[in-house]
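> okay, here's the prediction I keep looking at, along with the sequence it came from:
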Amino acid sequence: MGKIVLITGGARSGKSDYALELADAYKMKAFIATAEPVDEEMRRRIETHRRERDSSFLTIEEPIRIAKALLDLPKEIEVSVIDCLTVWLGNLMHRFGEEVGDHAEIISFQRAIRKPRHDLIIVTNEVGMGIVPPNAAARQFRDLAGRLNRQVADMAGRVILMVCGMPITVKEQPRGSS
């Protein structure tokens with residue numbers, strides 16, 4: 001059974017860079033990208049992230065069905081980077097509405113990572129440390145992201161909070177104890 005590392009933090013805190021750095025220790029790796037190019041700014045971001053990854057990654061661009069993407073990976077894969085959960089949650093809310101807390105894709109994802117067959121490095125944003133959002137949809141997103149992050153952190157053997165590009169270990173369990 002694989003281990004889970006959850007990397008969280010604010011925008012531009014170095015989460016993705018640190019995830020790629022951790023994945024460098026593996027030979028057979030996959031990258032599951034959840035972003036969709038919905039506008040020009042997002043297209044540029046996606047292109048930048050593509051350039052930052054070397055060709056050793058098998059890249060899967062999947063904005064909705066990340067559990068299926070994980071389960072469909074070749075058995076030879078040693079680690080998958082999922083970048084990022086909060087973008088994925090935004091995709092789910094955009095497609096299925098604000099009440100996606102118990103959506104089948106979220107439940108499938110939670111099942112898929114409960115006993116991963118290879119190591120997972122999961123990137124997410126810490127969205128609950130700022131001001132209270134001014135509208136119901138944004139508050140729903142914040143709450144959903146907070147709950148999912150907490151659930152994934154509970155399953156993870158290691159949780160890292162990125163602050164100003166610096167990784168701070170929030171949780172560390174010896175391998176095999178989680």
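Good, I have the coordinates.
> just checking, residue 6 is part of a helix?
No. Under DSSP: H, G, I helix; E, B strand; the rest coil, residue 6 sits outside any helix and is assigned strand.
> mind listing what's buried in stretch 88-101?
Within stretch 88-101, the residues scored as buried using 16 or more other C-beta atoms under 10 Å are 88-93, 100. (Each C-beta comes from the backbone N, C-alpha and C, glycine too.)
> any idea how far stretch 105-120 is from the middle of the chain?
Its chain's C-alpha centre and that of stretch 105-120 lie 12 Å apart, by C-alpha atoms, centre = their mean, to the nearest Å.
> now do it, average pLDDT.
Mean pLDDT, stretch 105-120: 95.
> mind listing what's buried in that stretch?
So stretch 105-120, judged by 16+ other C-beta under 10 Å, has buried residues 105-106, 108-109, 112-113, 116, 118-120.
> in this protein, which spans are strands?
Assigned by DSSP state E, the strands in the chain fall at 4-9, 29-33, 57-61, 79-83, 119-123, 158-163, 166-172.
> just checking, what packs against the first one?
Counting contacts by 3 or more C-beta pairs under 8 Å, 6 or more residues apart in numbering; DSSP states H and E, strand 4-9 packs against helix 15-23, strand 119-123, helix 136-155, strand 158-163.
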